[in-house]
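S.K.: My questions concern the predicted model and sequence given below.
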Amino acid sequence: MTNELETLLRSVLKDELKPLHDGQKRLETRIQSLEEKQEQTTLEIRGLQEKQEITTSEVKELHVGQVRLEARIQGLEEKQENTTLKIQSLEDKQDQTTQEIKVLQTDIRELNASIKHNTSLLTENFTGIRKDLRITTEEIRSDVDLLFTEVESVKRKTNRLERLIAK
C-alpha cells in the first residue's frame, strides 16, 4: 500500500506541480525576452545619445557660423555706410562742380570775342567731366545695387539658418 500511496502521491504532486513548473518556464521565457528588449532599448538609448551629441556639435558649429555671418554682415553694413558717404560726397562735389560751371559761364560771357575758341574748349572739358561724374555715379550705384543684392542673399541665408536653429 505504501507503493500505491507513494505512486498516487507522486502522481498528484506531478499533476499539481506541472502547472507551476510550466508557469515558471513561461516566466523565465518572458524574463529572458524582457532582458533582451532591455538590452535593445539600452543600445537604442546609446544611439540616441550619440545622435544627440552629434546634434549638439552641429548646433555649436551653426552658432559659430552664425557669429561669423553676423560679423560679415556687420562688415557689409559698414561698407554700405562708407559707400553711402562716398556717394554723398560725390553728389556734393557734383553740386559744387555745377555751381562752378555756372560761375565760369558768367565769366565766359564777360570775355571778349578773341577768346571764344578757348571758351568752347572749356565747355567741352566740363561736359566730359560731367559725363565722367555720371559714369562714376552709375558705377557706384551699380556697386550699391550689387551690395544690396548680396546683403539680401546673406539675409535669406541667415533666415534659413535661424529657421533651422529654431527647429
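M.R.: On my side now, so go ahead.
S.K.: Now do the buried residues in stretch 90-101.
M.R.: 94, 101 (16 or more other C-beta atoms under 10 Å). For the C-beta atoms, the positions are set from N, CA and C on the backbone; glycine is no exception.
S.K.: what does stretch 13-27 give?
M.R.: For stretch 13-27, the neighbour count (16+ other C-beta under 10 Å) marks no residue as buried.
S.K.: Please state the offset of the top helix by length along the chain from the chain centre?
M.R.: If you go by DSSP state H, the chain has its longest helix at helix 2-110. Relative to its parent chain, helix 2-110 has a centroid offset of 15 Å by C-alpha atoms, centre = their mean, to the nearest Å.
S.K.: so after it, what's the next helix or strand?
M.R.: Counting by DSSP states H and E, the next helix or strand C-terminal to helix 2-110 is helix 116-166.
S.K.: for that next one, what is the average pLDDT?
M.R.: Averaging pLDDT along helix 116-166 gives 88.
S.K.: Which strands and helices lie in contact with that helix?
M.R.: helix 2-110 (3 or more C-beta pairs under 8 Å, 6 or more residues apart in numbering; DSSP states H and E).
S.K.: which other helices and strands contact the helix it packs on?
M.R.: Contacts defined by 3+ C-beta pairs under 8 Å, 6+ apart place helix 2-110 against helix 116-166.
S.K.: any idea how far the helix it packs on is from the chain center?
M.R.: Helix 116-166 sits 27 Å away from the centroid of its parent chain (C-alpha atoms, centre = their mean).
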